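In: Here is a sequence together with a model predicted from it:
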Amino acid sequence: MKLSVVRFRSGCLAFGYAKESQSGENEVFTLSSRDKARPEMIDAFLALKEVLVECFSVFKFAQKMVAVHTLRLKYGGNGFESDELSGFKLLGYVANRENDLCKIETDMITLSKDKEELATKYIWPVLRESELYISGHRAQQQLFEEDDSLDDDADEIEEYPSFTQAAAKSHDEY
């Protein structure tokens, strides 16, 4: 799976990605959700503003006023394999003292040797959480998966003809 864009804006998560089909061709998909994002995804996305602070010194004095809402990714290119991540672009905004919002968009930041640590620390966690979300491992459906450990306790439950009798027994225990 190759992610092309990850957006976290106005409480909505959106992903653009390409996936190889059974016929061997790449199919492009988009997924958007208004479900509340898990803390791991929120933390990974909030950490992206540190990229702006590290790469562009102008943001060092306005860290609290900077927010990143979109991560765009580039694969392949000069010196990279076609499915290897070669660069990224950040989109966001800066608020000034009057609460006016200014849009910001970086140029494509190429992942060179000196930026490997930056990518490992900030970009890869977002990609990992995005892939887990798309594959369903971070979505709400995990709440409904069966837990085999509950089956072991089923033999220990006493049977009662009615709910009131069961409640009366548990009330007597207190």
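Out: Right, received. Where do you want to start? Numbering: from 1, shown residues only.

In: Tell me the gap between stretch 61-72 and the middle of its chain.
Out: On the basis of Cα atoms, centre = their mean, to the nearest Å, stretch 61-72 sits 16 Å off its chain's mean C-alpha point.

In: And the average pLDDT for that stretch is what?
Out: Across stretch 61-72, the average pLDDT comes to 85.

In: Any buried residues in that stretch, and which?
Out: 65-72 (16 or more other Cβ atoms under 10 Å). All C-beta atoms are positioned from the backbone trio N, CA, C, and that covers glycine.

In: what stretches of this protein score poorly on pLDDT?
Out: For the chain, the stretches with pLDDT under 70 are 138-174.

In: Rebuild the buried residues of stretch 61-72 as JSON lines, extending it with secondary structure.
Out: Shown next, in JSON lines, are these (DSSP: H, G, I helix; E, B strand; the rest coil):
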{"residue": "65", "secondary structure": "helix"}
{"residue": "66", "secondary structure": "strand"}
{"residue": "67", "secondary structure": "strand"}
{"residue": "68", "secondary structure": "strand"}
{"residue": "69", "secondary structure": "strand"}
{"residue": "70", "secondary structure": "strand"}
{"residue": "71", "secondary structure": "strand"}
{"residue": "72", "secondary structure": "strand"}
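
In: ok, residue 85 to residue 34 distance?
Out: As judged by Cβ to Cβ, to the nearest Å, residue 85 and residue 34 stand 28 Å apart.
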